[in-house]
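Student: The following block contains a protein sequence and its predicted model.
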Amino acid sequence: MSERALLDMAVKAADDKRAEDIVVLNMKGISLISDYFLICHGNSDKQVQAIAREMKEKSEELGYTVNRMEGFDEARWILVDLGDVVAHVFHKDERSYYNLERLWGDAPSVDVQSVLGQ
């Protein structure tokens, strides 16, 4: 699966579970961890878990294995490591506290609306 297809799948999975304020940062040349960071949030523990679970299930349906998922039980900040894409699924309260968009402010953003066809 290409990194762009993986990114598109993750964005659509988050959107399918009504994730809010989906942001994608292009980390190429900025981070050695991954090519893209997907950042979004849910309004409850259950929604945060549902978003992360949907990303995992959609990845596996496409034959891709999730490298690691951390924070699922606590549901405050779930990290879904898809290799070229790392998704950060926050609880609404935690997202503003960690403010990853500001931390990685030098990374260009990807137009999420074009991925979702809106």
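Tutor: Received the coordinates, thanks.
Student: all strands of this protein, in order?
Tutor: If you assign secondary structure with DSSP state E, the strands in the chain sit at 20-26, 36-42, 68-70, 77-81, 85-91, 109-110.
Student: which secondary element of this structure has the worst mean pLDDT?
Tutor: helix 112-116 (a mean of 78; mean pLDDT, DSSP states H and E).
Student: List the buried residues for that one?
Tutor: 112, 115 (16 or more other CB atoms under 10 Å). Heads up, the C-betas are built off the backbone N, CA and C, glycines and all.
Student: And stretch 39-58, by the same measure?
Tutor: In terms of neighbour count (16+ other CB under 10 Å), stretch 39-58 has its buried residues at 39-42, 47-56, 58.
Student: In this structure L79 contacts H88, no?
Tutor: Yes. With the criterion set as CB atoms under 8 Å, L79 and H88 qualify as a contacting pair; they are 6.0 Å apart.
Student: Comparing those two, which residue is more hemmed in?
Tutor: The neighbour comparison of L79 against H88 (other CB atoms under 10 Å) goes to H88, with 21 against 15.
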